[in-house]
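Chemist: requesting a structural model of the entry that follows:
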Amino acid sequence: MTILLGGLFIVASAVLLAGLLVLAGLLYEWIGGVMDRKRLRKPGRLVGIGDGRELYMVEMGPRGRGPTVVFESGFGATSLNWVHLQTALAERVHTVAYDRCGLGWSSACTSERTPRHVARELRELLRAAGIEPPWVLVGHSFGGLVMQRFALECAEEMAALILIDPMRPVEWPPFNAGADGRVRRAQRLTRVGGVFARVGITRLAARSHFCRSARFSGFLIRLAGRQGEFLAQRLDTEIGKMPAEVRPSIAAHWSAPRFYRGLLAHLEAVEATALEMHEVEAIGDVPVTVLTPASAAPPANMDQYGPRGRHMIAERSLHWIHLDEPELVVQTILNAVAQAVAEDRRAQPMVAAVD
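Modeler: As a prediction, the model looks like this:
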């Protein structure tokens, strides 16, 4: 009887300790989230787009000197992806970067994360923020498909379209069955990340990796084995190229449970995205530049980008061209803006003559 009571006491103590640790983790995550919003949400602002939804937007540069440059990020990325380009362009061009619903500081997503829905939300954001066309749209990876869809639906409001290694529907399910396992693994990891985020584990790991000595995150990476090492390499390769001052904000985003819910919504829409953007109609009379890394095959169908589409190769880049060769992307944007301004000036006498 004594042994039995002792065993029950040990089990009860372990359960109580585990419960206290979970409660401590929940409290740690809640306090951390409140502090992050107070410290890190600037310099942007939240803009209401209806139905209680708000999108976080960062503007830089003077309005009225030509078309506004609008940035759209890839899977899981936010406005932080464009800080260095916005800063480089700030003296000459008005720019806008934002967080999609479900990511960053924006509201949770209420619709499927396909290019059509995201482009519609972006259009609502620009309208609500009073950012008038024409626009130069810049999209990376999944964001390239969003901007392509935007251009298809609002060609008359466009000045130019710049696609940075855009996502290729034929490389994803259902067109590429071999990629299905990769998408499913990413979904599983994201669900696990969401569980860890609720009890503060991802906050500890993210702050350790991006803001401190990386000892705790290194322990977790070793614990995860080969998959953990692969993920850490991807993080260091991509996030390591971003300005150091944005890392606390990246850590904040990746700490929050809402990030994993938003990322999972994007991953669950991969098949619908590929179907929506497969063999779409051609873009109209809009200048389109498609940038791809030298290691990637050229676009299979340039006709979809219309009569003014052109392809450029980024010789020193991998997938994240705007991080590997930011000067190339900056110059491409400036060229597009200058061309739009020149074409608008040539059109003015014609408009006056008609009047």
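
Chemist: name the SS class of the residue most central in space within the chain, please.
Modeler: With distances taken as C-alpha atoms, centre = their mean, Ala77 lies nearest the centre of the chain, 2.6 Å away. Using DSSP: H, G, I helix; E, B strand; the rest coil, the structure places Ala77 in coil.

Chemist: now do the same for it: its pLDDT.
Modeler: We have a pLDDT of 94 for Ala77.

Chemist: I'd say Cys109 and Asp99 touch.
Modeler: No: under the criterion of C-beta atoms under 8 Å, Cys109 makes no contact with Asp99, lying 11.0 Å away. In this view, the C-beta of every residue, glycine as well, is placed from N, C-alpha and C.

Chemist: for the two, indicate the residue with more neighbours.
Modeler: Asp99 (24 against 21; other C-beta atoms under 10 Å).

Chemist: please report the distance of the more buried one from Pro287.
Modeler: Shown here: Asp99 relative to Pro287, a distance of 27 Å by C-beta to C-beta, to the nearest Å.

Chemist: residue ranges for the helices of the stretch 201-350 of the chain, please.
Modeler: 201-211, 215-224, 226-238, 247-255, 257-268, 270-277, 321-324, 326-354 (DSSP state H, counting those that start in this stretch).

Chemist: what does the stretch 1-150 of the chain give?
Modeler: 2-40, 83-89, 115-128, 142-153.

Chemist: so which elements touch the second one?
Modeler: Spelled out, that is helix 83-89. strand 53-60, strand 68-72, strand 95-98, helix 326-354 (3 or more C-beta pairs under 8 Å, 6 or more residues apart in numbering; DSSP states H and E).

Chemist: between strand 68-72 and the first one, find me the angle.
Modeler: For strand 53-60 and strand 68-72, the angle between their directions (axes from the mean of the first three to the mean of the last three C-alpha atoms, to 10 degrees) works out to 130 degrees.

Chemist: could you export strand 53-60 as CSV, CA atoms only?
Modeler: Below are the C-alpha coordinates for strand 53-60, written out as CSV (Å, rounded to 0.1, in the frame of the first residue of the first chain):
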residue,chain,number,x,y,z
ARG,A,53,-10.3,42.9,-41.1
GLU,A,54,-7.2,45.0,-40.8
LEU,A,55,-4.0,44.8,-42.9
TYR,A,56,-0.7,46.1,-41.7
MET,A,57,1.0,48.4,-44.2
VAL,A,58,4.3,50.2,-44.4
GLU,A,59,4.7,53.2,-46.6
MET,A,60,8.0,54.9,-47.5
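
Chemist: where does the chain have low pLDDT?
Modeler: Applying pLDDT under 70 to the chain picks out residues 1-30, 32-34, 209, 211-237, 345-355.

Chemist: distance of Ile333 relative to Arg247?
Modeler: For Ile333 relative to Arg247 (C-beta to C-beta), the value is 25 Å.

Chemist: now do Asp36
Modeler: Asp36 is 13 Å from Arg247, by C-beta to C-beta.

Chemist: what does Met57 give?
Modeler: Met57 is 21 Å from Arg247, by C-beta to C-beta.

Chemist: which of the two has more neighbours?
Modeler: With neighbours defined as other C-beta under 10 Å, Met57 and Arg247 compare such that Met57 has more, 22 against 18.

Chemist: show the contacting residues for the more buried one.
Modeler: 44-47, 79, 96-99, 125, 129 (C-beta atoms under 8 Å, 6 or more residues apart in numbering).

Chemist: for it, which non-adjacent residue is closest in space?
Modeler: Distances taken as C-beta to C-beta, 6 or more residues apart in numbering put Tyr98 closest to Met57, at 4.4 Å, once the chain neighbours are dropped.

Chemist: straight-line length of stretch 122-137, end to end?
Modeler: Terminal residues of stretch 122-137 are spaced 11 Å apart (C-alpha to C-alpha, to the nearest Å).

Chemist: now that stretch: buried residues?
Modeler: By neighbour count with 16 or more other C-beta atoms under 10 Å, stretch 122-137 contains the buried residues 122, 124-126, 129, 131, 134-137.

Chemist: redo these as JSON lines? Include distance to Ala197.
Modeler: Below are the buried residues of stretch 122-137 laid out as JSON lines (distance: C-beta to C-beta, whole Å):
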{"residue": "Leu122", "distance to Ala197": "27"}
{"residue": "Glu124", "distance to Ala197": "28"}
{"residue": "Leu125", "distance to Ala197": "26"}
{"residue": "Leu126", "distance to Ala197": "31"}
{"residue": "Ala129", "distance to Ala197": "30"}
{"residue": "Ile131", "distance to Ala197": "33"}
{"residue": "Pro134", "distance to Ala197": "40"}
{"residue": "Trp135", "distance to Ala197": "35"}
{"residue": "Val136", "distance to Ala197": "36"}
{"residue": "Leu137", "distance to Ala197": "32"}
